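S.K.: Okay, sequence plus prediction incoming.
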Amino acid sequence: MPLLEVERLCKRFGGVRAVHEVSFVLEEGELLGIMGPNGSGKTTLFNLIAGALRPDAGRIRFAGTEIGGRPPHRVCAAGVARTFQLVPRSKTCWWEGSTAGRARPRRQRRPRRDACSACSGSRRARTSPRRGSR
């Protein structure tokens, strides 16, 4: 029995077909990659499987149980959960207009405009560790 089975899944937003008759089978222990350009429906597909969106047509089965159209908490209870990328603040670079700098807690002051000139290669970036970190 397949772990995840998606059969002829469809989702439209007005006149836009975001997902059109997508089908695949995922066996236990198997890895599957979903690739495509921006706007090709990858996130919509994940939202359909996780229960954030209801499919217009098609079926989604997890371990033999129909989960298509169920709310996210019921899909999660069946064994499917969606996670989002969480990047540690100390290792990210944020952009604000033409200014970028090391991510910081909200209460800290913003970095100076020249703090991320390293992004353009013109000057060495000034970085300092967050309070309480080593």
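M.R.: Received the coordinates, thanks.
S.K.: Every contact and neighbour count from this point should use C-alpha atoms.
M.R.: Will do.
S.K.: Show me what stretch 70-83 is in contact with.
M.R.: Residues from elsewhere that reach stretch 70-83 (Cα atoms under 8 Å, 6 or more residues apart in numbering): A50, G51, A52, R54, F62, I67.
S.K.: In the lengthiest helix in the chain, which of the residues would be classed as buried?
M.R.: Within the chain, and with DSSP state H defining each element, the longest helix by residue count is helix 42-50. Using 16 or more other Cα atoms under 10 Å as the test for burial, helix 42-50 gives K42, T44, L45, N47, L48, I49, A50.
S.K.: Which member of the residues you listed is positioned nearest V25?
M.R.: Each of those was scored against V25 by Cα to Cα, and I49 proved nearest at 12.7 Å.
S.K.: could you measure the closest one against G79, distance?
M.R.: Using Cα to Cα, to the nearest Å, I49 is found at 11 Å from G79.
S.K.: Mutual contacts of those two, please.
M.R.: With Cα under 8 Å, 6+ apart, I49 and G79 have no common neighbours.
S.K.: tell me the domain ranges of this structure?
M.R.: For the chain, the domain assignment from automatic domain parsing gives the residue ranges 4-78, 89-119.
S.K.: least reliable of the ones you listed going by mean pLDDT?
M.R.: Lowest mean pLDDT within those: domain 89-119, at a mean of 44.
S.K.: pull the CA atoms of stretch 20-27 into PDB?
M.R.: The C-alpha trace of stretch 20-27 is given here as PDB (Å, rounded to 0.1, in the frame of the first residue of the first chain):
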ATOM      1  CA  HIS A  20      -4.100  20.400 -13.100                       C
ATOM      2  CA  GLU A  21      -4.500  16.700 -12.900                       C
ATOM      3  CA  VAL A  22      -1.300  16.000 -10.800                       C
ATOM      4  CA  SER A  23      -0.800  12.300 -10.000                       C
ATOM      5  CA  PHE A  24       1.900  10.500  -8.100                       C
ATOM      6  CA  VAL A  25       2.500   7.700  -5.700                       C
ATOM      7  CA  LEU A  26       5.000   7.800  -2.900                       C
ATOM      8  CA  GLU A  27       6.000   4.500  -1.200                       C
END
